[in-house]
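Pasted the sequence and its predicted model underneath.
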Amino acid sequence: MKKYFLLLLVALFIAACSNRQPAGQTTDEQAETETTEAVQQVAATEVVIIYVSGMHCEGCEKAITGAITALEGVQEARVSWLEEQAKVKYDPSLVGIDQFRAAIEDKGYTVSEYEILPLAEQAGGQNE
């Protein structure tokens with residue numbers, strides 16, 4: 001019984017130590033840092049709608065989704081063969097339209113045009 005009590009005590013001690021704040025950083029400072037990082041992440045994100053022709057089924061959607069999401073910097077991709085478009089959320093400092101076009105065309109589809117959404121439409125459009 002003493003062994004179990006000692007083990008429980010050690011486990012609680014380890015758990016308490018792992019929840020401690022970094023030295024010199026208060027909860028308010030940590031929250032501010034996390035908020036700043038979140039704002040920077042949103043500011044570094046763009047959403048583009050790429051119009052794609054040649055898709056005719058869900059398999060086409062999957063092929064294009066896989067090609068786009070394999071690119072570094074892509075956070076989310078939604079492809080619709082019915083709407084003939086791919087909606088991509090990405091970090092423009094890491095990837096861009098030329099890479100999207102190449103990835104889509106490498107799969108045998110055609111990119112006709114694209115439209116980068118204004119920031120106001122980006123937030124609402126990703127929660128559909």
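Happy to help now that I have it.

Find the residue closest to residue 109 in space, skipping its chain neighbours.
Spatial nearest neighbour of residue 109, chain neighbours left out: residue 54 (4.2 Å); criterion: CB to CB, 6 or more residues apart in numbering. Backbone N, C-alpha and C define where each C-beta goes, glycine included.

Please read the previous query as pertaining to residue 111.
Closest to residue 111 by CB to CB, 6+ apart is residue 101, at 4.7 Å.

Tell me the first helix or strand C-terminal of the least confident helix or strand in the chain by mean pLDDT.
Every helix and strand of the chain was ranked by mean pLDDT, DSSP states H and E. The lowest is helix 27-43, at a mean of 55. Downstream of helix 27-43, the first helix or strand assigned by DSSP states H and E is strand 46-53.

Mind exporting the C-alpha coordinates of that following strand to PDB?
Extracted in PDB, the C-alpha atoms of strand 46-53 (Å, rounded to 0.1, in the frame of the first residue of the first chain):
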ATOM      1  CA  GLU A  46      -4.700  33.800 -47.900                       C
ATOM      2  CA  VAL A  47      -7.600  32.000 -49.500                       C
ATOM      3  CA  VAL A  48      -7.800  31.500 -53.300                       C
ATOM      4  CA  ILE A  49     -10.500  29.900 -55.500                       C
ATOM      5  CA  ILE A  50      -8.900  28.100 -58.400                       C
ATOM      6  CA  TYR A  51     -11.300  27.300 -61.300                       C
ATOM      7  CA  VAL A  52     -10.500  23.800 -62.600                       C
ATOM      8  CA  SER A  53     -11.900  22.100 -65.700                       C
END
